[in-house]
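1. 3D, please:
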Amino acid sequence: MAKIFKTDSQEQALKEILENLKIVESLNKILAAEIQKCKVKITSTESEVSVNETVAAPFAILLQPLKDYRKKLVADINGKAKTFSIQLDDTELAIIDPSAMQPKVKKQPPLEPQVQIQPKPEETGISYETHTYEPFQRNY
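-> Residues are numbered from 1 along each chain as shown. Below you'll find the predicted structure:
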């Protein structure tokens, strides 16, 4: 019987996908929140001088870079999943595209009011009152 062997690169890709999914999930929470002001903490030990600073900033400045970073991570996740034949489950797919897991509501075209043609009062000798007709609309 034939066997399928996992490769080191496939396992590494799976680890990277799982790490990126955690980041995307955090970004989803941040982007969904209605934030006006925030504090950004920058920590780095890469250079000779370590940095550990907190800076107050308006959230609007950070919004687009966070969206771009999320978009890049999602593209990376999808690319690695396709390249290394890794199937994401429903919860992971919901993290990548939250709108895909919500039930879709079928939009109905708006109802047009029905118009009745009434003869002119002079022609019949009967006095008519003018009424507007609004069709019954269902809220689904």
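2. may I have the beta-bridge partners of the residue nearest to residue 50 when sequence neighbours are not counted?
-> Spatial nearest neighbour of residue 50, excluding adjacent residues (Cβ to Cβ, 6 or more residues apart in numbering): residue 44 at 6.7 Å. To be clear about C-beta, it is placed using only N, CA and C from the backbone, and glycine gets the same treatment. Assessed by DSSP bridges, residue 44 has beta-bridge partners residue 51.
3. strands of this structure, residue ranges please.
-> With DSSP state E, the ranges of strands along the chain come out as 37-44, 51-58.
4. now the ones you listed in JSON lines, with distance to residue 83, mean neighbour count and mean pLDDT?
-> Output for the strands of the chain, formatted as JSON lines (distance: least, Cβ to Cβ, whole Å; neighbours: other Cβ atoms under 10 Å; pLDDT from 0 to 100):
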{"stretch": "strand 37-44", "distance to residue 83": "31", "mean neighbour count": "10", "mean pLDDT": "90"}
{"stretch": "strand 51-58", "distance to residue 83": "35", "mean neighbour count": "10", "mean pLDDT": "92"}
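5. would TSV of these with distance to residue 86 be doable?
-> What follows is these, written out as TSV (distance: least, Cβ to Cβ, whole Å):
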stretch	distance to residue 86
strand 37-44	31
strand 51-58	36
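6. nearest to residue 77, out of the ones you listed?
-> Shortest distance between residue 77 and these, using Cβ to Cβ, is found for strand 37-44: 24.8 Å.
7. what's next to that closest one, contact-wise?
-> By Cβ atoms under 8 Å, 6 or more residues apart in numbering, the residues outside strand 37-44 that reach it are 50, 51, 52, 53, 54, 55, 56, 57, 58, 59, 62.
8. how about a cut-off of 7 Å?
-> Identification of contacts with strand 37-44 by Cβ atoms under 7 Å, 6 or more residues apart in numbering yields 50, 51, 52, 53, 54, 55, 56, 57, 58, 59.
9. leaving out chain neighbours, which residue sits closest to the third one?
-> Right, the one you point to is residue 52. Distance criterion Cβ to Cβ, 6+ apart; nearest residue to residue 52, sequence neighbours excluded, is residue 43 at 5.0 Å.
10. understood, closing this out.
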